[in-house]
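J.: next comes the sequence, and after it the predicted model I'd like to discuss.
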Amino acid sequence: MSKNCEIVKDLLPLYADDVCTEESRKLVAEHIAHCSECRAELEKMGKHISVKAETDVNVMKRIRKRMRIEKITVGLISLAVVLGIGIFALLYMVNTLGPMDVLQMSIGEDVRAEVDENGDLTLILKNYAATEDYLMPILSDENGKYMGIDKDFDASKKEGFGVSLMQRKVNSFAAFETYDSMERKIDVFNVDEAKIDRFYLYDDKNNKEYTLWERD
């Protein structure tokens, strides 16, 4: 290997990257025009550079693809969470109990109380009133205070027992006329055994009482 070849081979990487001086570039160009060995070395460098460039492009493509997949995944997860929360909120809303509108009922006809010969008091619900999902019990004292509502409720002077008709909101969406001819009977208590003088329906929606039975 000539001394010129050694010098040119040292310059080949700079020549291949196009960062050498104009004089060095001219020297290398003139040398490889006649030296097949140095020319072959430069060609190898060119292939390596090409392969490296292609490799870098492939890596960038893979990175972009992975980032795109991650974005789509995050988007799908976020959508699933939002839909899940929405469905849960909807189910919670339609299944939440709320007070029924007593003004839509006829007291004495749709809602009444009967006491049989054994002293058992039965609450009778008809039509719209019969669609209740839960009877919320209420105790009141002689002063008209309610347990769990009024702080000054006096348990030693309890006088009345009432119920508030509660219904799931999903059932309240239906038309009232679809409930015609429905009837439910619910045993409440025995008037001879219970120390209660009055049984009433409490309209929690309009804050009003309707006496259904009262001790003589």
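T.: Sure, I can see it.
J.: C-alpha only now, for contacts and for neighbours.
T.: Noted.
J.: ok, then the element right after the lowest-mean-pLDDT helix or strand in the chain?
T.: Lowest by mean pLDDT, DSSP states H and E among the helices and strands of the chain is helix 169-172, with a mean of 62. The C-terminal neighbour of helix 169-172 among helices and strands, as given by DSSP states H and E, is strand 183-190.
J.: in that next one, what counts as buried?
T.: Buried residues in strand 183-190, counted by 16 or more other C-alpha atoms under 10 Å: 183, 189-190.
J.: low-confidence ranges in this structure?
T.: 1-3, 47-60, 93-95, 169-180 (pLDDT under 70).
J.: again, only this time at 80
T.: The model of the chain has pLDDT under 80 over residues 1-4, 16-20, 45-64, 89-98, 148, 168-181.
J.: the domain parsing of it - what is it?
T.: 3-94, 102-214 (automatic domain parsing).
J.: deepest of those domains, which one?
T.: Among the domains of the chain, ranked by average contacts under mean count of other C-alpha atoms under 10 Å, first place goes to domain 102-214 (a mean of 16).
J.: identify the residues contacting the one residue sitting closest to the centre of the chain.
T.: Centroid-nearest residue in the chain, with C-alpha atoms, centre = their mean: residue 85, separated by 1.0 Å. The contact partners of residue 85, by C-alpha atoms under 8 Å, 6 or more residues apart in numbering, come to none.
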